[in-house]
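[1] sequence-free structure coming up:
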């Protein structure tokens, strides 16, 4: 007879219980199913104990038992999905190996799919009128989690995490095409998507006895589960409504609201007057200075790609950077970032994973450099003998002092975070996994650590080579210093007297305002960070210098406009030279990024 029912047992370090669990499962299945119509698969997930040996021995001695081994952790969902795809049965079942759910319910679980026609069946410890013995910590966490799933994801079920479920094979595989989580949230996501998709779902009460460690885990329960609920909620409730037209409209509205609020405190005519009075020659100088930074951006990107195994010309890569930054100006949510991966892939056959990795490395150096420049203002004030919280540095308001302290904190945090990543990449010890395990030892924490490690691995390619690290770091400093010099030239066009009388103050504030303004642009609230940059820049200039609000806002607007115009001119020229459609690049790169950039990445030419 052919196999009709496949039971998968997800196993991680279960040497003390796995043999008893398999034997109990076989006995229970044999009590209500014909012989040779069922199988038990041990989905062993990178165990570090004797579980693989025990499972292999049982599979060799009993043809109804199969063992799937993985050298690395796949996560509970990943291990289940792998085993289900290899299973022979049309009814697919899984339950936790601790047998916390009374096995007398197994027949109802199986027959709900096999003979009653349900697509999904799940045991429940939380059905109305049913009571289960639960530790306080686990009960609170479970109640909170299930309440959030019911509220945000509109689920009609009461218990989503009970490890006692069955599926119709065809229905499950249809659902798995959209399931993204491969750890503890996997079965919850399957249940939610099944209800959304109109599949028949059965929830029935089971007797359940808690076993093992019941400690609520910070990484899994708070960060892991919470983030997954938000992800699925966003996909169902928000993403369908967030079209390109909507995002552009919202971003524009935010800018208009910010401008409207500014008019409460500023006279627009004053701002326009100060802009009209600015020295046009110095504004032109600012544009030239900023244009000089772009070949350096291309050279830096060449060095990064070179370390990842691909050598390209500075001219082409400068054009690729121009196009991606232009995409960020035109489209919201920094959609242009992924465009570069599309350009280098389609024009130079650099694989998508390498393109995304190189972008991540560049962002690390940008963040470290910008935050570092923000910190240099403190040194500049000290060298100039100025106290940024006193009147010697101009008419410093309380808001200016607050902005200084907050921005200094942001800069310090950014520096420490990036340095931690770099040090981890340069160290033989796995600092990332050590740090995560200091908070949690749950398997979900291992998954969190693996995500961070993937990012760190991208940096390691550059950080591991001291010469390359120094070159990319030095070019980053020059690039962002030219960005500051551009702003200083605009500053001089508006306030030549202040620049002549207090150059140290202007230079220090210029470095700080530009750096914090660029940090503010990290938030993808508007295309090109328009409004965010101007707001942060103006606040700091007004708070730390005698410059009035009208002039400060004028400086910020012209400075950002000069940079955006240079970027647009270079971007449009590059799209024409490289024959790239910006709209197509954004759409296709977004699709690739959504798929995880899973194209096989091989070692490229050196």
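    Perfect, thanks for sending it. Worth saying up front: this structure is predicted, and the values here are computed from it rather than measured.
[2] Going by C-alpha atoms from here, please, whenever you check contacts or count neighbours.
    Will do.
[3] Quick one: list the elements packing against whichever helix or strand residue 553 is part of.
    For residue 553, the element it lies in under DSSP states H and E is helix 549-578. Using 3 or more Cα pairs under 8 Å, 6 or more residues apart in numbering; DSSP states H and E, the elements in contact with helix 549-578 are helix 268-277, helix 280-307, helix 314-330, helix 466-494, helix 532-544.
[4] Which of the ones you listed sits closest to residue 42?
    helix 280-307 (41.9 Å; Cα to Cα).
[5] The helix ranked longest in the chain versus helix 466-494: what angle between them?
    Across the chain, the longest stretch assigned as helix under DSSP state H is helix 352-383. Relative orientation of helix 352-383 and helix 466-494, computed by axes from the mean of the first three to the mean of the last three Cα atoms, to 10 degrees: 60 degrees.
[6] Could you give the average pLDDT over helix 352-383?
    Mean per-residue pLDDT for helix 352-383: 73.
[7] Report the buried residues of the helix holding residue 553.
    In terms of neighbour count (16 or more other Cα atoms under 10 Å), helix 549-578 has its buried residues at 549-560, 562-564, 566-568, 570-572, 574-575.
[8] So which elements touch the helix or strand residue 23 falls within?
    According to DSSP H and E, residue 23 maps onto helix 18-30. Applying 3+ Cα pairs under 8 Å, 6+ apart, we find helix 18-30 packed against strand 38-45, helix 51-61, helix 106-114.
[9] can you tell which of the ones you listed is closest to residue 509?
    Closest among the helices and strands packed on helix 18-30, using Cα to Cα: strand 38-45, at 54.9 Å.
[10] May I have the strands that pair with the closest one, each with its orientation?
    Strand 38-45 pairs in its sheet with strand 5-11 (parallel), strand 65-70 (parallel), by DSSP bridges.
[11] List the contacts of the shortest one.
    Among residues not part of strand 65-70, those counted as contacts by Cα atoms under 8 Å, 6 or more residues apart in numbering are 39-46, 52, 55-56, 58-59, 83.
[12] make it 10 Å
    7-11, 22-23, 26, 38-47, 51-60, 79, 82-83, 86-87 (Cα atoms under 10 Å, 6 or more residues apart in numbering).
[13] Does anything pack onto the helix or strand following it? Which helices or strands?
    Once the chain leaves strand 65-70, the next helix or strand it forms, by DSSP H and E, is helix 76-86. Packing contacts for helix 76-86, counted by 3 or more Cα pairs under 10 Å, 6 or more residues apart in numbering; DSSP states H and E, involve strand 5-11, strand 38-45, strand 65-70, strand 91-95, helix 169-176, helix 186-196.
[14] Just give the number of residues close to residue 23.
    Neighbourhood size, residue 23 [other Cα atoms under 10 Å]: 13.
[15] ok, now how distant is it from residue 548?
    Separation of residue 23 from residue 548 (Cα to Cα, to the nearest Å) stands at 80 Å.
[16] before we move on, what about residue 65?
    Taken as Cα to Cα, the span from residue 65 to residue 548 is 79 Å.
[17] before we move on, what about residue 576?
    For residue 576, the distance to residue 548 - Cα to Cα - is 42 Å.
[18] try residue 24
    For residue 24 relative to residue 548 (Cα to Cα), the value is 79 Å.
[19] before we move on, the earlier item: which ChimeraX command selects the buried ones in the contacts of strand 65-70?
    Buried members of those, defined by 16+ other Cα under 10 Å, are picked up in ChimeraX with:
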select :7,8,9,10,11,22,26,38,39,40,41,42,43,44,45,46,47,51,52,54,55,56,58,59,79,83,87
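[20] sorry, back to before: list the helices and strands the longest helix of the chain packs on?
    Going by 3+ Cα pairs under 10 Å, 6+ apart, helix 352-383 lies up against helix 280-307, helix 339-348, helix 398-426, helix 443-463, helix 466-494, helix 503-520, helix 582-594.
[21] I'd like to know how many residues surround residue 24.
    Residue 24: 14 neighbours (other Cα under 10 Å).
[22] was I right about it contacting residue 99?
    Yes - under the criterion of Cα atoms under 10 Å, residue 24 makes contact with residue 99 at 9.2 Å.
[23] Check residue 243 and give its pLDDT.
    Residue 243 is given a pLDDT of 62.
[24] Could you list the low-confidence segments of this protein?
    Where the chain drops to pLDDT under 70, the residues are 1, 129-140, 212-224, 242-268, 270-271, 330-337, 375-464, 520-532, 581-606.
[25] Let me see the residues that make contact with the helix holding residue 23.
    5, 7-12, 14, 35-42, 50-52, 54-55, 57-58, 64-65, 95-99, 103-107, 110.
[26] Leaving aside the residues adjacent along the chain, what's closest to residue 344?
    If the residues on either side of it in the chain are set aside, residue 344 comes closest to residue 350, at 5.5 Å by Cα to Cα, 6 or more residues apart in numbering.
[27] which SS state does the one you found fall under?
    Assigned with DSSP: H, G, I helix; E, B strand; the rest coil, residue 350 falls in the coil class.
[28] Count the residues that sit near it.
    Residue 350 has 22 neighbouring residues, counting by other Cα under 10 Å.
[29] is it true that it touches residue 305?
    Yes - if you go by Cα under 10 Å, residue 350 and residue 305 touch, sitting 9.2 Å apart.
[30] Surely residue 188 touches residue 229?
    Yes - using Cα under 10 Å, residue 188 makes contact with residue 229 at a distance of 9.3 Å.
[31] Quickly list the domain ranges of this structure.
    The chain breaks down into these structural domains: 5-239, 251-314+359-569 (assignment by automatic domain parsing).
[32] Would you work out how far apart the start and end of the shortest one are?
    The reference is to domain 5-239. With Cα to Cα, one end of domain 5-239 sits 38 Å from the other.
[33] repeat for stretch 300-315
    12 Å.
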